[in-house]
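Colleague: sequence and computational prediction follow.
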Amino acid sequence: MKIAVCIKRVPDSETRIKIGADGKSIDESGVKFVLNPFDEYAVEEALKLKEQAGGEVVAVCLGTDASQETIRTALAMGADRGVLLKSDSISVDPLVTSRALAAELEQGSYDLVLFGKLAIDDYGQAVGTMVAELLGLPSVSAVTRLEITDKSATAEREIEGAVEVVEFTLPAVITAEKGLNEPRYPALRGIMLAKKKPLDIKDVEMGESGVDVLGLSLPAERKAGRIVGEGPDAVPALVDALQNEAKVL
Amino acid sequence: MPGILAVLEQRNGTIKRVSHEVLAAARSLADDLGGEVHGLLIGPQGLTNAGLGESGADKVLACFSADLELYQADRYALITAEQATAGGYSAVVLGATAFGKDLGPRIAARLGCPLASDVTSITGGEGIVVTRPVYSGKATYKLKITTEPSVISIRPNAFAPVAASRSGSMEEISAGDSAKTSSARTVKVKEPEHAALDVAEASAVVSGGRGMKEPEHFRLIEDLAGALGAAVGASRAVVDAGWRPHSEQVGQTGKTVSPNLYVAVGISGAIQHLAGMRTAKVVVAINKDPDAPIFKVADYGIVGDLFEIVPKLTDEIRKVREG
Ligand SMILES: Cc1cc2nc3c(=O)[nH]c(=O)nc-3n(C[C@H](O)[C@H](O)[C@H](O)COP(=O)(O)OP(=O)(O)OC[C@H]3O[C@@H](n4cnc5c(N)ncnc54)[C@H](O)[C@@H]3O)c2cc1C
Ligand SMILES: Nc1ncnc2c1ncn2[C@@H]1O[C@H](COP(=O)(O)O)[C@@H](O)[C@H]1O
């Protein structure tokens, strides 16, 4: 099975966001970047499928030169090779990113293309499903369970309070939700091996964006509240506040 | 004259509340940009337009068929994209729910147009301008959409339904050419044995964390949630420990919630947890550690042992609610 996994370099989930001088992007100084957490589930699923059925896992990332490090992380987990689609910037319009990824993926005749459900920087939850549409492939998003037998597959996706069961045939696109698997940590041996694995770097032209950034700002801080008291004796005061002040009961 | 296409959502033949919020957002855009609001309702036979005119729909485009009861991604996308093109709308608006987060990108890809997802405000004064939280709510983008059409998904609970008296008359539309769709079929929806409120949809949420000590102790959380009519939520620590299902996880790698009331019990308030609940209207924290970060975002806090506090709180709330 030939599998592609699309991965993104994003600020670590602990990052305290500071707004950059342009007022439209974050100040990247001191920010630690990581492989997007949801993409770890996608990489893990690809590796598991390869272990079962054989084949190849290719990690594809659109980003700046610094994304090489992110690709190496996926290679250290066990992916076979990487492709960096090099671009100075990433558009806020997910269609632009999706078109660039689709153009690359189209040439690979993959049986399966995996994405994370969501990139924790732009919070778009769009790119995987858009790429599937652009490629004309069946796709299921936010998958928590995947079963593949030959070319037929069943996936489960969580919806509000229930689970949808979707059947489809390969080639196909999946976006991975937390719960799909437990991502492995790269072992030392994996990290050593990753250094020698092939990483193709291709310059890409990004298309025109239909979205302009007017500004990026920090949300209003929640105003500090108050401790109504200590221990169970404080319960009546809390209930009173909820009922008469906040009016939520 | 172009207008706004509002994609409505139904589940088991009932129109969801978020659909009225979608109509409200569409209505405000149409008032700014001109044109009508057309609701698009796809689902099983037996659905009606009841209440949709009152929420702002000038017309309801209806596509009812037994095989469209469950969300069939491809067919829904085909029908919606066809309508969007035929009607020449300036924007397509839908809810950022499990449904809309899957359908929105499909429509935008088919129309070859921009998508702004999970938006929390929208204006159409000089072109469409939206705000949307990014970096798990740690920052907010203000974006201007420069081409037409565009697809916009709105965050549930961010737009209040409006009272507008529009006709909302139904017009049947074609179900599209099903031969043009892919192999994917939703074959069933597994509903849980004990139907539970979903954290993302509930107007109140009570979440428990590692401070609960053991999975059995979540009975206390369930009882408090029951008294409040709230959904049960959880921190990642207890989900990863296998105490609670992933569907209950609140936070960066779980769900984003904006309820009227959020009660955090035995939860420290890690940055990734706060990402999921910082837009709650009122936050209550119960924690034995007075320095727990959760108190920094809580409107009301009680410092102390949850095992003493929560049962008493449940009793008191029952008394108040039962009058
Ligand atoms: C990439 C990434 C994504 C993540 N995503 C999420 C996410 O989506 N959601 C999420 O929640 N976390 C997420 N986390 C994990 C997060 O960093 C924290 O580890 C987690 O939220 C801690 O859960 P907790 O508050 O239940 O546990 P703890 O931090 O252990 O806190 C337990 C709290 O209970 C209190 N307590 C203990 N006993 C009592 C008692 N008897 N009475 C009262 N209080 C008591 C303690 O004082 C303490 O504050 C993520 C982490 C990473 C790295
Ligand atoms: N620049 C990128 N390069 C590679 N994959 C990406 C990129 N942006 C997004 N993706 C993939 O698409 C998923 C969803 O991203 P998003 O729509 O931005 O939330 C991510 O989890 C990645 O798998």
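Modeller: Arrived safely. Ligands and ions are numbered 1, 2, ... in the order given.
Colleague: now B:Ala81, nearest residue through space, not along the chain?
Modeller: B:Arg110 (3.9 Å; CB to CB, 6 or more residues apart in numbering or on different chains). The way it works is simple: take the backbone N, C-alpha and C, and place the C-beta from them, glycine included.
Colleague: host element of that neighbour?
Modeller: Using DSSP states H and E, B:Arg110 sits within helix B:98-111.
Colleague: before we move on, what about B:Thr279?
Modeller: Counting by DSSP H and E, B:Thr279 is found in no helix or strand.
Colleague: starting at the chain centroid, how far to the lowest-mean-pLDDT helix or strand in chain A?
Modeller: Sorting the helices and strands of chain A by mean pLDDT, DSSP states H and E puts helix A:188-196 at the bottom, at a mean of 94. Offset of helix A:188-196 from its chain centre (CA atoms, centre = their mean, to the nearest Å): 23 Å.
Colleague: and stretch B:237-252, by the same measure?
Modeller: Worked out by CA atoms, centre = their mean, stretch B:237-252 lies 19 Å from the chain centre.
Colleague: is that stretch anywhere near chain A?
Modeller: Yes - using CB under 8 Å from any CB of the partner chain, stretch B:237-252 comes into contact with chain A via B:His246, B:Ser247, B:Gln249, B:Gln252.
Colleague: so which of the residues you listed comes closest to B:Ala98?
Modeller: Nearest to B:Ala98 out of the residues of stretch B:237-252 next to chain A is B:Ser247 (CB to CB; 10.6 Å).
Colleague: on that earlier part again, return the closest of the residues of stretch B:237-252 next to chain A with respect to A:Ala126.
Modeller: B:Gln252 (17.4 Å).
Colleague: so what's the backbone phi/psi at the closest one?
Modeller: phi -60, psi -40 (degrees, to the nearest 10).
Colleague: over to B:Glu69?
Modeller: Taking degrees, to the nearest 10 as the convention, B:Glu69 sits at phi -60, psi -50.
Colleague: now it: closest residue in space, sequence neighbours ignored.
Modeller: Excluding its sequence neighbours, the residue lying closest to B:Glu69 (CB to CB, 6+ apart) is B:Pro44, at 3.8 Å.
Colleague: which residues does that neighbour contact?
Modeller: B:Pro44 makes contact with B:Gly13, B:Phe64, B:Ser65, B:Ala66, B:Leu68, B:Glu69, according to CB atoms under 8 Å, 6 or more residues apart in numbering or on different chains.
Colleague: surely A:Ala162 touches B:Pro192?
Modeller: Yes - with contact defined as CB atoms under 8 Å, A:Ala162 reaches B:Pro192; the gap is 6.8 Å.
Colleague: give me the mean pLDDT for the top strand by length along chain A.
Modeller: For chain A, the strand that runs over the most residues, judged by DSSP state E, is strand A:139-149. In this model, strand A:139-149 carries a mean pLDDT of 97.
Colleague: what count of nearby residues applies to the residue nearest to B:Ala81?
Modeller: 19 (other CB atoms under 10 Å in any protein chain shown).
Colleague: before we move on, what about A:Val165?
Modeller: 17.
Colleague: repeat that for A:Glu14.
Modeller: 11.
Colleague: how about it, what does it touch?
Modeller: A:Lys32, B:Ile271, B:Gln272.
Colleague: burial count for the first one?
Modeller: Right, the one you point to is A:Lys32. Neighbours of A:Lys32 (other CB under 10 Å): 9.
Colleague: how much space separates the residue nearest to it when sequence neighbours are not counted from B:Thr186?
Modeller: Counting by CB to CB, 6+ apart, A:Asp12 is the residue found nearest to A:Lys32 once chain neighbours are left out, at 4.4 Å. Separation of A:Asp12 from B:Thr186 (CB to CB, to the nearest Å): 36 Å.
Colleague: and what of B:Val232?
Modeller: Counting by CB to CB - B:Val232 and B:Thr186 are separated by 27 Å.
Colleague: for the stretch 151-300 of chain B, just list every one of the helices.
Modeller: B:218-228, B:236-240, B:271-277, B:294-297 (DSSP state H, counting those that start in this stretch).
Colleague: try chain A
Modeller: A:37-53, A:67-77, A:94-105, A:127-135, A:188-196, A:235-240 (DSSP state H).
Colleague: can I get the third one in CSV? Just the C-alpha atoms.
Modeller: Taking C-alpha atoms only, helix A:94-105 is exported to CSV below (Å, rounded to 0.1, in the frame of the first residue of the first chain):
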residue,chain,number,x,y,z
PRO,A,94,-7.2,26.8,2.9
LEU,A,95,-8.0,26.4,-0.8
VAL,A,96,-4.6,27.7,-1.7
THR,A,97,-2.8,25.2,0.5
SER,A,98,-5.1,22.4,-0.6
ARG,A,99,-4.4,23.1,-4.3
ALA,A,100,-0.7,23.0,-3.8
LEU,A,101,-0.9,19.7,-1.8
ALA,A,102,-3.3,18.2,-4.3
ALA,A,103,-1.0,19.0,-7.2
GLU,A,104,1.8,17.0,-5.5
LEU,A,105,-0.4,14.1,-4.4
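Colleague: next, the angle from that helix to helix A:127-135.
Modeller: 60 degrees (axes from the mean of the first three to the mean of the last three CA atoms, to 10 degrees).
Colleague: show me where pLDDT drops low in the stretch 201-323 of chain B?
Modeller: Within the stretch 201-323 of chain B, no stretch has pLDDT under 70.
Colleague: how about the residues of it near chain A?
Modeller: B:201, B:204, B:228, B:246-247, B:249, B:252-254, B:260-261, B:271-272, B:278, B:281-284, B:290, B:295-305, B:308-309, B:312-313, B:316-317, B:320-321.
Colleague: pick out the residue of the stretch 1-150 of chain B closest to ligand 1.
Modeller: Ranked by CB to the nearest ligand atom, the top residue of the stretch 1-150 of chain B for proximity to ligand 1 is B:Ser136, at 8.5 Å.
Colleague: count of residues packed around that residue?
Modeller: That count, for B:Ser136 with other CB under 10 Å as the rule, works out to 24.
Colleague: Three-state assignment for it, please.
Modeller: Three-state assignment for B:Ser136 (DSSP: H, G, I helix; E, B strand; the rest coil): coil.
Colleague: go ahead and flag the most central residue of chain B.
Modeller: B:Pro156 (3.5 Å; CA atoms, centre = their mean).
Colleague: what's near enough to touch the residue nearest to that residue when sequence neighbours are not counted?
Modeller: In space, and not counting its chain neighbours, B:Pro156 is closest to B:Val18: 5.0 Å by CB to CB, 6+ apart. Listed by CB under 8 Å, 6+ apart, the contact partners of B:Val18 are B:Glu9, B:Gly95, B:Thr97, B:Gly100, B:Pro156.
Colleague: run the last query once more with 6 Å
Modeller: By CB atoms under 6 Å, 6 or more residues apart in numbering or on different chains, the contact list for B:Val18 reads B:Gly95, B:Thr97, B:Pro156.
Colleague: for these, give me a markdown table that also has pLDDT.
Modeller: Conversion of these to a markdown table gives the following (pLDDT from 0 to 100):
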| residue | pLDDT |
| --- | --- |
| B:Gly95 | 98 |
| B:Thr97 | 96 |
| B:Pro156 | 90 |
